[in-house]
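S.K.: need coordinates for the following:
(chains A and B)
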Amino acid sequence: GQSLEQPSEVTAVEGAIVQINCTYQTSGFYGLSWYQQHDGGAPTFLSYNALDGLEETGRFSSFLSRSDSYGYLLLQELQMKDSASYFCAGYSSASKIIFGSGTRLSIRP
Amino acid sequence: DGGITQSPKYLFRKEGQNVTLSCEQNLNHDAMYWYRQDPGQGLRLIYYSQIVNDFQKGDIAEGYSVSREKKESFPLTVTSAQKNPTAFYLCASSTRDSTYEQYFGPGTRLTVT
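M.R.: Residues are numbered from 1 along each chain as shown, chains lettered A, B, ... in the order given. All right, here's what the predicted structure looks like:
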């Protein structure tokens, strides 16, 4: 079967750095995507890693290790508006995308 | 502006009634998807379509039906056979080569009583 595991909740302080981990078991794995979803809103695409290593996009970075079946999303200089749920999603050879259950990020002033 | 629209935002139905949720996109994407999201949970794939007049079942297709007669439109019908239909429904689209980057509509929150 295919599954992705991520922590259900993470709390951090404004201005700090936080890392959200994701481990996966996906046959025919191609890559890992990350999405952000604010309460009541639609998910928005943040990043995609097909190769091992770190991809940086402004304050957000995403990392993938295919040998460890592991990835993470790194958020720097946290702002209150970053409070949201973050989903990792595995993309497989079946042209399907499987979502993790999401990590709710709460940011304290 | 290109994007995906879903209507209505909130929908209320009585148990035993079929209901159709609308999804339209003007991004010229070939692939479209329907997901269900329950409180505090991730997205579960109901149906997806990679080309007009073709669609495949996702992980939780029972009690749902779709059609794809036009590239821009991918309506979802929640039938009376769906045992627990109350949920937040999200439609998405992507290019066929970039399934990993999906664009989502604002969602429809369906309540069945």
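S.K.: within range of chain A, give me the residues from chain B.
M.R.: Within chain B, the positions lying close to chain A (CB under 8 Å from any CB of the partner chain) are B:35, B:40-45, B:48, B:50, B:58, B:90, B:92, B:96, B:99-107. Yep, even glycine has a C-beta here, placed from its N, CA and C like the rest.
S.K.: filter the residues you listed down to just the buried residues.
M.R.: Applying 16 or more other CB atoms under 10 Å in any protein chain shown to those, the neighbour count classes B:35, B:42-45, B:48, B:50, B:58, B:90, B:92, B:99-105, B:107 as buried.
S.K.: lowest mean pLDDT among the helices and strands, pick that one out for chain A.
M.R.: In chain A, no helix or strand scores lower on mean pLDDT, DSSP states H and E than strand A:97-99, which sits at a mean of 89.
S.K.: could you point out which element follows that one?
M.R.: strand A:103-108 (DSSP states H and E).
S.K.: and that next one, how far out from the chain middle?
M.R.: Offset of strand A:103-108 from its chain centre (CA atoms, centre = their mean, to the nearest Å): 13 Å.
S.K.: give me the residues contacting that strand.
M.R.: By CB atoms under 8 Å, 6 or more residues apart in numbering or on different chains, the surrounding residues in contact with strand A:103-108 are A:6-14, A:18, A:20, A:75, A:78-80, A:82-87, B:40.
S.K.: next one: stretch A:23-31
M.R.: Residues from elsewhere that reach stretch A:23-31 (CB under 8 Å, 6+ apart): A:1-6, A:32, A:48-50, A:64, A:66, A:69-71, A:88, A:90-94, A:98, A:100, B:100.
S.K.: let me see the mean pLDDT of it.
M.R.: Averaging pLDDT along stretch A:23-31 yields 88.
S.K.: so which strand or helix has B:Ala92?
M.R.: Per DSSP H and E: strand B:87-94 holds B:Ala92.
S.K.: run a quick neighbour tally on B:Gln6.
M.R.: By other CB atoms under 10 Å in any protein chain shown, 20 other residues sit near B:Gln6.
S.K.: identify the bridge partners of the residue nearest the centre of chain B.
M.R.: Nearest to the geometric centre of chain B sits B:Trp34, at 2.9 Å (CA atoms, centre = their mean). When assigned by DSSP bridges, B:Trp34 has beta-bridge partners B:Tyr47, B:Cys91.
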